[in-house]
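Undergrad: 3D, please:
(one chain, ligands or ions: 1)
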Amino acid sequence: MSVTDPQPPAPDPRSDAAQEALHDRIAADSLTTRRDYLRIVATVSGGLAVGGVAVASGILHRHGDSEGAPEAKRIADQLLPGESLAFRYPGSEDRAVAVRLEDGTLAGYSAVCTHLACGVLWRKDRGSEGELYCPCHEGVFDARTGEVTAGPPPRGLPKVVLVEETDGSVWAIGTARSGESAREGLCRQLGDDRPELADRLGCPGASARGAAGERSERT
Ligand code: FES
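TA: Sure, this is the predicted structure:
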């Protein structure tokens, strides 16, 4: 599964048919049921599509270990182009912001500035498609990538991975560090814990980790 546009003749993994096939394959998984899964029509954060992937809210449900995938959280019934939403994720004290760009892209970030931890705000009317702004020292972050475009912040904003359900609801399902893609963040968090889901996401080395886990369980 790729985050880039596929080349012919391979089917587009974001096409309806490809997504439906993936849903059917996942639904057939004996470990869970179709009801357990978020049926994602788009998985976009920081401008990178995870790529027609259905991610299980139940599978992602984890508490405790900060390296593990956090619990999926419904943050909005819908988010329209140009709108933003302040929410808390992954913990109740973790300030975050979700924005829907005019082209429909969903982007989620930590709202804690990487300079001196002031709150980051969404400014819809700045830049070509809005920007994330820290008023403390004029820090500015790219709305699509979270990277620093102005001011003293030393690195980009950590991402909150957002997905949209078929009913339009928006969910936070994971996080990614500064400079990490949404997929890289999810893969790291799933890690050795859920190799089968990591494999579905196309995480590098997931199959090998899963096989190693199965071998160790047999011994
Ligand atoms: Fe955000 Fe200084 S705290 S720019």
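Undergrad: ok, Arg177 - contacts?
TA: Counting by Cβ atoms under 8 Å, 6 or more residues apart in numbering, Arg177 touches Pro158, Lys159, Gly185. For glycine as for every other residue, the C-beta is placed from the backbone atoms N, C-alpha and C.
Undergrad: ok, which residues in this structure are in contact with the ligand?
TA: Cys113, His115, Leu116, Cys118, Cys134, Cys136, His137, Gly139, Gly151, Pro152, Pro153 (Cβ under 6 Å from any ligand atom).
Undergrad: Doesn't the third one lie inside a strand?
TA: In this case it means Leu116. No - judged by DSSP: H, G, I helix; E, B strand; the rest coil, Leu116 forms no part of a strand; its state is coil.
Undergrad: Skipping its backbone neighbours, what lies nearest it in space?
TA: Excluding the flanking residues, the one nearest Leu116 by Cβ to Cβ, 6 or more residues apart in numbering is Cys136, at 6.3 Å.
Undergrad: How about the contacts made by that neighbour?
TA: Cys136 neighbours (Cβ under 8 Å, 6+ apart): Cys113, His115, Leu116, Cys118.
Undergrad: give me that answer again for 7 Å
TA: For Cys136, the contact set (Cβ atoms under 7 Å, 6 or more residues apart in numbering) comprises Cys113, Leu116, Cys118.
Undergrad: Next, count neighbours for the first one.
TA: For Cys113, the number of neighbouring residues by other Cβ atoms under 10 Å comes to 24.
Undergrad: Same check on Pro154?
TA: Using other Cβ under 10 Å, the number of residues around Pro154 comes to 9.
Undergrad: Contact partners for it?
TA: If you count contacts by Cβ under 7 Å, 6+ apart, Pro154 has them with Thr114, His115.
Undergrad: Shouldn't it be within a strand?
TA: No - applying three-state DSSP, one finds Pro154 to be coil, outside a strand.
Undergrad: where does it sit relative to Leu80, distance-wise?
TA: The gap separating Pro154 from Leu80 is 33 Å, by Cβ to Cβ, to the nearest Å.
Undergrad: repeat for Glu184
TA: Glu184 is 29 Å from Leu80, by Cβ to Cβ.
Undergrad: the more surrounded of those two?
TA: Glu184 (17 against 9).
Undergrad: Next one, pLDDT for the residue lying closest to Arg155 once chain neighbours are set aside please.
TA: In space, and not counting its chain neighbours, Arg155 is closest to Ser178: 4.2 Å by Cβ to Cβ, 6+ apart. Looking at Ser178, its pLDDT is 86.
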